[in-house]
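Enquirer: need a structure here:
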Amino acid sequence: MELRDEKYSFPVEDHQLIYQGKVFDFVTDSVRLHRDEEVVQRDYLSHPGAVAIAAVRPVAGADSSSREISDWEILLVRQYRHPVRAFLWEIPAGLLDHQGEDRLGAAKRELWEEANLTAENWKVLVDFFTSPGSSSEHLRVYLARKVSSASGKCFEASEEERDMITAWFSLEQARDALLAGKIHNPSAMAAILSVIESLRKGWRGLRDVDVPFAPDPLEENR
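Expert: Numbering: from 1, shown residues only. The predicted structure is shown next:
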């Protein structure tokens, strides 16, 4: 048996919009799982999807060919998250502005908006569903290398992003903070561990940016 998630949907006999929000909707589906049983109700957040960026660079004086985690650092941002009442260290990330938006384009936009950075080298690092039991949110994390400051005017942030702090941490420091229970954002956790493993392999085996997210929740809307 192949170890691969598979796109599939049981028959949905009724779909209702319970609440329409600014970012996501709350919906309920009546799903037929078995012919000899009653339909079941599944409530969840209908989410447009998001992207995140693991921007990395060699520490000052280190060789870019090094595979030592002490020779590389990752960009993290500190942002207030009201639902959990906490400032969290995360990687740059943001929502897809509309259904079907190009994920790489969205990632480049978010890296500029949150860190005023651009990158020459982009690869797909990891894909995941943030909370598949209660949300349709799908998130692609990109690896961005050869980063540099963006030219021109900086993005004018507002609301929670207005006071956001950006900082570079060594991969070793980020890994230790994660394992010590000091970092809780899922995209940051996935990125840190995936970057470390990818670095160990010399960045070999990473997917190109045009490889589809599979199983892709956006396919049914295209």
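Enquirer: Only alpha carbons, please: show the strand or helix carrying residue 57 as CSV.
Expert: In this structure, residue 57 sits in strand 50-58 according to DSSP states H and E. What follows is the C-alpha trace of strand 50-58 in CSV, where atoms were taken according to Å, rounded to 0.1, in the frame of the first residue of the first chain:
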residue,chain,number,x,y,z
ALA,A,50,-2.8,30.1,3.2
VAL,A,51,0.9,30.1,2.5
ALA,A,52,4.0,30.4,4.7
ILE,A,53,7.7,31.0,4.0
ALA,A,54,10.7,29.5,5.6
ALA,A,55,13.3,32.1,4.7
VAL,A,56,16.9,30.9,5.5
ARG,A,57,20.4,32.2,5.1
PRO,A,58,23.9,31.2,6.2
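Enquirer: For it, buried residues please.
Expert: Along strand 50-58, the positions that meet the burial threshold by neighbour count (16 or more other C-beta atoms under 10 Å) are 50, 51, 52, 53, 54, 55, 56, 57. Glycine gets a C-beta too; all of them are placed from N, C-alpha and C.
Enquirer: Could you find the closest non-adjacent residue to the second one?
Expert: In this structure, residue 51 finds its nearest non-sequential neighbour in residue 107, 4.4 Å apart by C-beta to C-beta, 6 or more residues apart in numbering.
Enquirer: you'd agree the one you found is in a strand?
Expert: No - secondary structure assignment places residue 107 outside any strand; it is helix (DSSP: H, G, I helix; E, B strand; the rest coil).
Enquirer: Double-check it against residue 55; I have them as touching.
Expert: No - judged on C-beta atoms under 8 Å, residue 107 makes no contact with residue 55 at a distance of 10.0 Å.
Enquirer: what's the overlap in contacts for those two?
Expert: residue 144 (C-beta atoms under 8 Å, 6 or more residues apart in numbering).
Enquirer: Could I get the full set of helices for the protein?
Expert: 103-115, 171-179, 186-200 (DSSP state H).
Enquirer: can the ones you listed go into a markdown table with extra columns for mean pLDDT, distance to residue 32 and mean neighbour count?
Expert: Output for those, formatted as a markdown table (pLDDT from 0 to 100; distance: least, C-beta to C-beta, whole Å; neighbours: other C-beta atoms under 10 Å):
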| stretch | mean pLDDT | distance to residue 32 | mean neighbour count |
| --- | --- | --- | --- |
| helix 103-115 | 93 | 32 | 20 |
| helix 171-179 | 97 | 41 | 18 |
| helix 186-200 | 97 | 31 | 19 |
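Enquirer: between those helices, which one is nearest to residue 122?
Expert: Shortest distance between residue 122 and those, using C-beta to C-beta, is found for helix 103-115: 6.4 Å.
Enquirer: got the angle between the closest one and strand 50-58?
Expert: Inter-element angle recorded for helix 103-115 and strand 50-58: 70 degrees (by axes from the mean of the first three to the mean of the last three C-alpha atoms, to 10 degrees).
Enquirer: Break the chain down into its domains, please.
Expert: Under the assignment named as automatic domain parsing, the residue ranges that make up the domains of the chain are 12-46, 50-200.
Enquirer: Which one of those lies nearest to residue 4?
Expert: Evaluated over the domains of the chain, closeness to residue 4 peaks at domain 50-200, with 12.2 Å, by C-beta to C-beta.
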